[in-house]
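*Asks:* what follows is a predicted structure for the sequence shown.
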Amino acid sequence: MIHWKIFIAFFIPGIVGYGGGPASIPLVENEVVGRFSWMSVSEFSEMLAMANALPGPIATKMAGFIGYQQAGVLGAVVGVFATVAPSLILMIVLLSLLAKFKNSPRVKTMTNLIRPAIAVLLGVMAFQFFQTSYEGAGLLQTSFLIVASFLLLEKVKLHPAFVILGALVYGAVFLGGA
């Protein structure tokens, strides 16, 4: 029964918490403190302060912590799943609709108009990554990582996950002090 309560405690704020994690904080507090009495207001505020200090989405950190506190590892998994489930369900529904109407002239037009915007956003993001890397590691290290990544991805056909893992290891070993 506790797993169902954890699911409800995080699924409902995930549905009605329009605006992302910060907008769902009062909704989660209402469920955790008010409805299920798993924490006091003081304990919730301490947990929230700790969660804000860690990287990542606040809603999933709260769900993982509270779920773990109430029902161990499975409780944490249920809490995190309940937090992301509304978005996951909506994405599946929207992608199903898009697939259903993929031959529609309006959907084709919309897709053709969105592609350039996505390309520009990806280009800006890549430039920002390059700029951050250049400022942190220098031109030589950044150039090496770019060329090595390109060769591994395009010529060797190595899976991107392995390239990312290799770049992380390289950064930890050679750029740890950068």
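*Replies:* Thanks, I have the structure now.
*Asks:* average pLDDT for the strand or helix carrying Thr109?
*Replies:* Secondary structure assignment for Thr109, by DSSP states H and E: helix 105-137. Per-residue pLDDT values across helix 105-137 average out to 87.
*Asks:* helices and strands around it, which ones?
*Replies:* Judged by 3 or more C-beta pairs under 8 Å, 6 or more residues apart in numbering; DSSP states H and E, the packing partners of helix 105-137 are helix 139-150. (Glycine included, C-beta is placed from N, CA and C.)
*Asks:* which residues touch the helix it packs on?
*Replies:* Phe130, Ser133, Tyr134, Ala137, Val163, Gly166, Ala167, Tyr170, Phe174, Leu175, Ala178 (C-beta atoms under 8 Å, 6 or more residues apart in numbering).
*Asks:* which of those residues are buried? Put it as a ChimeraX command.
*Replies:* ChimeraX command restricting the contacts of helix 139-150 to the buried ones, with burial defined by 16 or more other C-beta atoms under 10 Å:
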select :133,137,163,167
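*Asks:* buried ones in the helix holding Thr109, by neighbour count?
*Replies:* Neighbour counts over helix 105-137 (16+ other C-beta under 10 Å) mark Ser133, Ala137 as buried.
*Asks:* which residues in this protein form helices?
*Replies:* Using DSSP state H, the helices assigned to the chain run over residues 2-16, 21-29, 41-53, 58-100, 105-137, 139-150, 160-174.
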